[in-house]
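Engineer: okay, predicted coordinates and the sequence, questions at the end:
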Amino acid sequence: MITIGLTTFSEHPALIDHAKRKVRLTEYSAHFPVVELDTPFYAVPKVDVITHWQQQVPDGFQFILKANQVMTMHDQGSGDPVGNEQRLAVFNEYKRAVSPLMAAGQLKAVLFQFPPYFARKVATIEYLRRISLLMAGYPVAIEFRNPSWYGKEITRDVAGFLKELGLGMVVVDEPHTTNMGVPFEPIATNPDLCMLRLHGRNVKGWTDTTGDWRGKRTLYRYSHDELVSFKETVLNLQKSSREVCVIFNNNAGRDAADNALELQKLLGLSFNDLSPLQLDLF
């Protein structure tokens, strides 16, 4: 199975042909079967917020939710890190919040997108093991942003470790240099779900952190040839994972929806009540 979606649902005017208002979740869900939301990263949502999301989408629609910033140890870079008891409390609060999605089969994954300073070392490796225990029974995807997790032998070992823990390693497409960003490594570590997150290839926007860098770093439109290459990657990953889910995050110029719809067409995907069917691929 192949699923395609976008980060957020409101910032894609191409879906409604209307540039002056936000896209509603009900409108978004007519085009894609999954959405990634980052609001839980900033604050664990209330249960009624989650159920309100559910009321706006068909039963087969699913959500990818970012883990809270305490869960991904972003507090370690703030100068005011939390204690172990508070971190555990956030994990428990988060699991309570997403319980309606778990009960309905609508939680595709909890995305742990770690900060760039989450480098590979004994403490962080052990923290991944801790996550596997705390989130046992929940679908978890891990996205590294530090290049220390990658390398000829390192990537293989890290992938094997995550597979042992039952955690999915996100396949990331982004600009990368020797000192920042991570390489594109299409590896599936979870037999149930392999996620691709496509941030675009805007090298200047990715490396220049002055001015409005957050608003420019994903300013990129994938070409037809690049999307054809992603199609081949997705088909290859299908051999190792039951579902391959592609999330487009290249939306600073509002290009994500158009790119996602084109890849959907290239893959021959048709959605009947949001149940993906693969058609005429060979």
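Structural biologist: Looks like it came in fine. Numbers count the residues shown, from 1 in each chain.
Engineer: A helix includes residue 247, no?
Structural biologist: No: the assignment for residue 247, made by DSSP: H, G, I helix; E, B strand; the rest coil, is strand rather than a helix.
Engineer: check what pLDDT it gets.
Structural biologist: pLDDT for residue 247: 98.
Engineer: need the contact list for it.
Structural biologist: 4-7, 34, 36, 64, 195-198 (CB atoms under 8 Å, 6 or more residues apart in numbering). C-beta coordinates here come from the backbone N, C-alpha and C atoms, glycine included.
Engineer: so in this protein, where's the weakest helix or strand by average pLDDT?
Structural biologist: When the helices and strands of the chain are compared on mean pLDDT, DSSP states H and E, strand 275-278 comes out lowest with a mean of 49.
Engineer: now whatever helix or strand residue 110 lives in, how far from the centre of its chain.
Structural biologist: Residue 110 is part of strand 107-113 when elements are defined by DSSP states H and E. Relative to its parent chain, strand 107-113 has a centroid offset of 7 Å by CA atoms, centre = their mean, to the nearest Å.
Engineer: what angle do the next helix or strand after it and strand 107-113 make?
Structural biologist: Moving toward the C-terminus from strand 107-113, the next helix or strand (DSSP H and E) is helix 122-134. For helix 122-134 against strand 107-113, the angle by axes from the mean of the first three to the mean of the last three CA atoms, to 10 degrees is 160 degrees.
Engineer: tell me which other helices or strands helix 122-134 touches.
Structural biologist: Packed against helix 122-134 by the contact rule (3 or more CB pairs under 8 Å, 6 or more residues apart in numbering; DSSP states H and E) you find strand 140-143, helix 154-165.
Engineer: in a helix, residue 230, correct?
Structural biologist: Yes: under three-state DSSP, residue 230 sits within a helix.
Engineer: I figured it hits residue 248, correct?
Structural biologist: No: Residue 230 is beyond contact range of residue 248, at 9.9 Å (criterion: CB atoms under 8 Å).
Engineer: those two: which is more packed in?
Structural biologist: The residue with more neighbours, out of residue 230 and residue 248, is residue 248; 29 against 22, by other CB atoms under 10 Å.
Engineer: let me see the contact set for residue 108.
Structural biologist: 3, 34, 62-64, 139, 193, 245 are the contacts of residue 108 under CB under 8 Å, 6+ apart.
Engineer: just those now: which is nearest residue 92?
Structural biologist: residue 139 (17.6 Å; CB to CB).
Engineer: now do the closest residue to residue 29 other than its chain neighbours, the pLDDT please.
Structural biologist: Nearest-residue entry for residue 29: residue 57, 4.4 Å, with adjacent residues in sequence omitted and distances by CB to CB, 6 or more residues apart in numbering. Confidence at residue 57, expressed as pLDDT, is 95.
Engineer: can you tell me how far residue 57 is from residue 5?
Structural biologist: 12 Å (CB to CB, to the nearest Å).
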